[in-house]
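Novice: From the sequence below, what's the structure:
(2 chains)
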Amino acid sequence: MKPENNTTTVEKKLLCYHCGDLCATDDIHINDKYFCCNGCKTVYEILNENNLCNYYQIEENPGVSQKKKITRNYDFLEDSTLKETLIDFSDGNNTRITFSIPQMHCSSCIWILENLYKLDPGITNSKVDFFKKILIVQFKEKETSLKGIVELLDSIGYRPDLNLEGKQSIKSSYRNKSLYYKIGVAGFAFGNIMLLSFPEYLSFTDFETTNLKEVFAYLNIILSLPVFFYSGSEYFISAYKGLRKKIVNIDVPIAIGIIVLFTRSVVDIVFGFGPGYLDSLAALVFLLLIGRLFQNKTYDALNFERNYQAYFPIAVTKIINGNETTIPLKKLKVSDRILVKSSELIPADSVLLSDHAFIDYSFVTGESNPVEIVNGDLVYAGGRQIGSAIEVEVVKEISQSYLTQLWNNKIFDKDYESRINSLVNGISKYFTVAIITIAVISALFWIPEISTALNVFTAVLIIACPCALALSTPFTLGNTLRIFGRNNFYVKNADVIERMSKVNHIVFDKTGTLTEASSNQIKFVGEPLTDKQKSLIKSLARNSSHPLSLNIYELFDVHIIEELNDFHEIPGKGIKAVIEGNIVQIGSKMFLEKMKDEKNPTLSTRVYVSINNEIKGFFNVVNNYRNSVKETIEYLEPYYKISVLSGDNDGEREQLQKFFEKEPTLLFRQSPHDKLNYIEKLQTEGDVVLMVGDGLNDAGALKQSDVGISISEDAANFSPSCDGILEAESFPKLIEFIKFSFISKKIIYISFVISFFYNVVGLSFAVQALLSPVIAAILMPVSSISVVVFTVFSTNFLAKKKGLI
Amino acid sequence: MSVILILIGFSLIIAIGFLMAYIWAVKSGQYDDNYTPSVRILFDNDKTGQEKDDDNKNHK
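Specialist: Residues are numbered from 1 along each chain as shown, chains lettered A, B, ... in the order given. Sure thing, here's the model as predicted:
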């Protein structure tokens, strides 16, 4: 090693060998390997004992931070009914189970998870699907248990997302392979039919004289049967479904085209009129299916349809006669006593039995500061318990809780298919009417010659089959979807992009959306503190479980003094201790100045600090706005109506108003229901609403809005049901995404023009009864392919120009 | 010229064979996950490398 490197390593801050986080102290280490917390150290020890340190060679600091780790009780996994719903299959001896593991992030993770058998010999095989973030484990029931495996995974930092809801989504992602089969069949037929049609187009003399011509034509019919009845079937079904709902979607003219192509060709061949258009049919179906594949881009690891159940624990700790047992959440009943541990969610509305507790309702209401609850008060489902374990008694069924009532709203039952009114389907009605009119008129023109009239009629329907038209949208939007995905904006499906370009009103949630999720950002106001003073404060704060103390504790990056005397905590007031001869106090102003019986200004969240009876200043809880909020709003304001909804009190009104030039719509103290109703109100006024939110409290509003985007610090984790998930770091790009949705729309319009041009050329042949199979076989694929090439290239080119690729 | 019919027959059989192979590939899940195997193959090499070394030592 070079000498200068040595000096830098001394000054360099210590990074955890396991997870790469900053180490606050150098106390936790094994030989020369330092760890940020004991959790990380434990994981290292487990891996080291089993000779699995290869884990650290594949990627640097591959682990997941164990700082916020909570020891969980997995006894509920011994419950046989619950177990049955979780496992995939079991023959009593060998069992297979699929876990969803959102923490999976690098190749080291794959390596360790696929080497699980080294840690637990009962595991016969474990296999990772990285993109879906799932782990499939096969194990021997006699040698290990489900509980044992989950505990093992938890102990090495890969806590499976045990969720009945989640499992269904894993399964459903394995459904539809039929599109692949259909493409395979269509491609096979396309290649062969084309080959068999060539001699016809090149008109060899041998070919004309022998009976080869008929043989080839009949072979073509046989080959096209599976294309027509199997590969093309979904277009008939879709067209039929559309017509039954009285919607003429784009699949209607396509289905007409396919049927006419097939019957005309069969008739031509059987009666010897000509070779038919079967190669065009196969090419058409093949290309259309490829387009469908392109549009069906999915983000398997992401779940866009989460409901409240996905947020709740799968099991709760119930107290019966003073004994703790774990029961599945489903079995929880009114008047059960349960134990809620630190940072667990309250599963149902309950009454607090412990003396006092702090509940963080940010998930439910958006209110960012934890609420203090005393014995006998109600705690609502969805609140996160902060501090030491509390005991509560359930008073309402889970489905009747304050939070879950939101899901009983009709909006969650609505059939959303009907709302999709895409560009293509918008024009397909006129398109269908137009081509049928053209076909009828040109047939009437030829009417004395019945055969020519029929020929023209079918030729028009064949050539006008809107293949290029139908392909332009899936390829443009599918590609846009991919481009967005590369920028950490994951959109549920292509229709969302189309709807995004129609939006005229943008609604933001405040907490967690405009502000950063770690909303309790604390700042010290007062004379600058020395390192010594900081460590005094940190050491004192360490001894209290009050959420504000925890925040203060995390604020300073200094050493802790272990020893402290005369520690006093007066709940709701403050804490006090003597550390190294200094009297240190943290708390409300009244507490520090020993004033009594004075009104407590509840809105202020100031925490004062005094050292040796001298007030040094106070900590202030501030909302930390995302960096790009100002620019985003500045850009959006001239074009869109903007509203901001917040579950918080209006203490931030002035701060928020600074971002706006005009008078904005700012609504505070909004319950989840209020938010939903507000969106509904806007929609009845004719606005197309894009809602950007984060927590469970926005779930109703996100669902109601035309485009609901949920902001997430980590896309694999908590995000309510929505149309798109935007990773927080990409929030500044929101403007670009909206702009690009317009660009995609324009590209689609241009490709419409191109495909209409081809249609005009084709129709000019068709109406003159000049449409030979060769012209159809050339014109139809060429038009489709040129439109596809145009859309893909132009979206990529413009995305590059905008810096999105 | 009728020889061409035999050739066509053979070519169709071969093409159908490939179609079957493709359908089998989809069915057996080869299109389900096209990322993880690319990472996995690197680990396997590493591991078998070590095992080979061990094997060699044992045989010697």
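Novice: can we go C-alpha only for contacts and neighbour counts from here?
Specialist: Fine.
Novice: what's the domain layout of chain A?
Specialist: Domain assignment for chain A, taken from automatic domain parsing, gives A:3-58, A:76-172, A:488-517+A:626-739, A:521-622.
Novice: among the ones you listed, which is nearest A:Ile290?
Specialist: Put simply, out of the domains of chain A the one that sits nearest A:Ile290 is domain A:488-517+A:626-739, at 15.1 Å, with distance taken as C-alpha to C-alpha.
Novice: Give me the distance between the two termini of that closest one.
Specialist: One end of domain A:488-517+A:626-739 to the other measures 16 Å (C-alpha to C-alpha, to the nearest Å).
Novice: May I have the phi/psi pair for A:Ser100?
Specialist: Listed backbone geometry of A:Ser100 is phi -100, psi 120, with angles given as degrees, to the nearest 10.
Novice: Need the domains of chain A in CSV (columns: mean neighbour count and distance to A:Pro773).
Specialist: Listed next are the domains of chain A as CSV, based on neighbours: other C-alpha atoms under 10 Å in any protein chain shown; distance: least, C-alpha to C-alpha, whole Å:
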stretch, mean neighbour count, distance to A:Pro773
domain A:3-58, 16, 59
domain A:76-172, 18, 43
domain A:488-517+A:626-739, 20, 35
domain A:521-622, 17, 71
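Novice: Which residue does chain B have closest to chain A?
Specialist: Taking C-alpha to the nearest C-alpha, chain A has its nearest neighbour within chain B at B:Thr36, 5.6 Å off.
Novice: thought that residue was touching A:Phe130?
Specialist: Yes - the pair B:Thr36 and A:Phe130 qualifies as a contact (C-alpha atoms under 8 Å) at a distance of 5.6 Å.
Novice: For those two, list the residues in contact with both.
Specialist: Contact criterion C-alpha atoms under 8 Å, 6 or more residues apart in numbering or on different chains; residues bridging B:Thr36 and A:Phe130 by contacting each: A:Ile110.
Novice: and the strand or helix carrying A:Phe216, what other elements does it pack with?
Specialist: Secondary-structure element containing A:Phe216, defined by DSSP states H and E: helix A:212-226. In terms of contacts (3 or more C-alpha pairs under 8 Å, 6 or more residues apart in numbering or on different chains; DSSP states H and E), helix A:212-226 is packed against helix A:178-202, helix A:251-270, helix A:278-295.
Novice: List of residues touching that helix?
Specialist: Applying C-alpha under 8 Å, 6+ apart, the set of residues contacting helix A:212-226 is A:185-186, A:189, A:192-193, A:196-197, A:200, A:207, A:266, A:269, A:275-276, A:278, A:281-282.
Novice: Give me the next element, helix or strand, following it.
Specialist: Per DSSP H and E, the first helix or strand lying C-terminal to helix A:212-226 is helix A:233-244.
Novice: Now that next one: average pLDDT?
Specialist: Mean pLDDT, computed over helix A:233-244, is 89.
Novice: which intervals of chain B have sub-threshold pLDDT?
Specialist: Chain B contains residues with pLDDT under 70 at B:1, B:44-60.
Novice: Please, where are all the strands along the stretch 301-450 of chain A?
Specialist: With strands called from DSSP state E, counting those that start in this stretch, the stretch 301-450 of chain A shows them at A:315-320, A:323-328, A:337-340, A:350-352, A:356-360, A:371-374, A:378-379, A:384-386, A:390-394.
Novice: Excluding chain neighbours, what is closest to the residue nearest the centre of chain B?
Specialist: Against the mean C-alpha coordinate of chain B, by C-alpha atoms, centre = their mean, the closest residue is B:Ala25 at 8.9 Å. In this structure, B:Ala25 finds its nearest non-sequential neighbour in B:Tyr31, 7.4 Å apart by C-alpha to C-alpha, 6 or more residues apart in numbering or on different chains.
Novice: With mean neighbour count, mean pLDDT and distance to chain B added, can I get the strands of the stretch 301-450 of chain A in TSV?
Specialist: Formatted as TSV, the entries for the strands of the stretch 301-450 of chain A read as follows, by neighbours: other C-alpha atoms under 10 Å in any protein chain shown; pLDDT from 0 to 100; distance: least, C-alpha to the nearest C-alpha, whole Å:
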stretch	mean neighbour count	mean pLDDT	distance to chain B
strand A:315-320	20	82	32
strand A:323-328	16	78	32
strand A:337-340	23	86	38
strand A:350-352	23	88	44
strand A:356-360	22	80	39
strand A:371-374	16	78	45
strand A:378-379	22	84	44
strand A:384-386	23	77	36
strand A:390-394	23	87	43
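Novice: ok, the residue nearest to B:Ala25 touching B:Tyr22?
Specialist: No - shown here, B:Tyr31 and B:Tyr22 do not form a contact pair, counting by C-alpha under 8 Å, at 10.2 Å.
Novice: Of the two, which one has the most company?
Specialist: Neighbours per residue (other C-alpha atoms under 10 Å in any protein chain shown) separate B:Tyr31 from B:Tyr22, with B:Tyr22 holding more: 17 against 11.
Novice: what are the phi and psi angles of that one?
Specialist: For B:Tyr22, the backbone dihedrals (degrees, to the nearest 10) come out as phi -70, psi -50.
Novice: Could you measure from it over to A:Ser233?
Specialist: Using C-alpha to C-alpha, which is the criterion applied here, B:Tyr22 is 20 Å from A:Ser233.
Novice: list the contacts for B:Leu12?
Specialist: A:Asn192.
Novice: What helix or strand is it located in?
Specialist: Taking DSSP H and E as the criterion, the element that holds B:Leu12 is helix B:3-27.
Novice: Counting neighbours, which bits of that helix end up buried?
Specialist: Of the residues in helix B:3-27, those buried by neighbour count under the rule 16 or more other C-alpha atoms under 10 Å in any protein chain shown are B:8, B:15, B:19, B:22-23, B:26.
Novice: Spell out which parts of chain A neighbour chain B.
Specialist: Counting by C-alpha under 8 Å from any C-alpha of the partner chain, the positions of chain A adjacent to chain B are A:107, A:110-111, A:128-131, A:174, A:177, A:180-181, A:184-185, A:188, A:192.
Novice: circling back: with mean pLDDT as new columns, can the domains of chain A be given to me in CSV?
Specialist: Output for the domains of chain A, formatted as CSV (pLDDT from 0 to 100):
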stretch, mean pLDDT
domain A:3-58, 72
domain A:76-172, 80
domain A:488-517+A:626-739, 82
domain A:521-622, 73
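Novice: Mind putting those domains into a markdown table with distance to A:Thr437?
Specialist: As requested, the domains of chain A are arranged in a markdown table below (distance: least, C-alpha to C-alpha, whole Å):
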| stretch | distance to A:Thr437 |
| --- | --- |
| domain A:3-58 | 66 |
| domain A:76-172 | 43 |
| domain A:488-517+A:626-739 | 30 |
| domain A:521-622 | 67 |
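Novice: among those domains, which is nearest A:Ile258?
Specialist: The closest approach between A:Ile258 and any of the domains of chain A, judged by C-alpha to C-alpha, belongs to domain A:488-517+A:626-739 at 24.9 Å.
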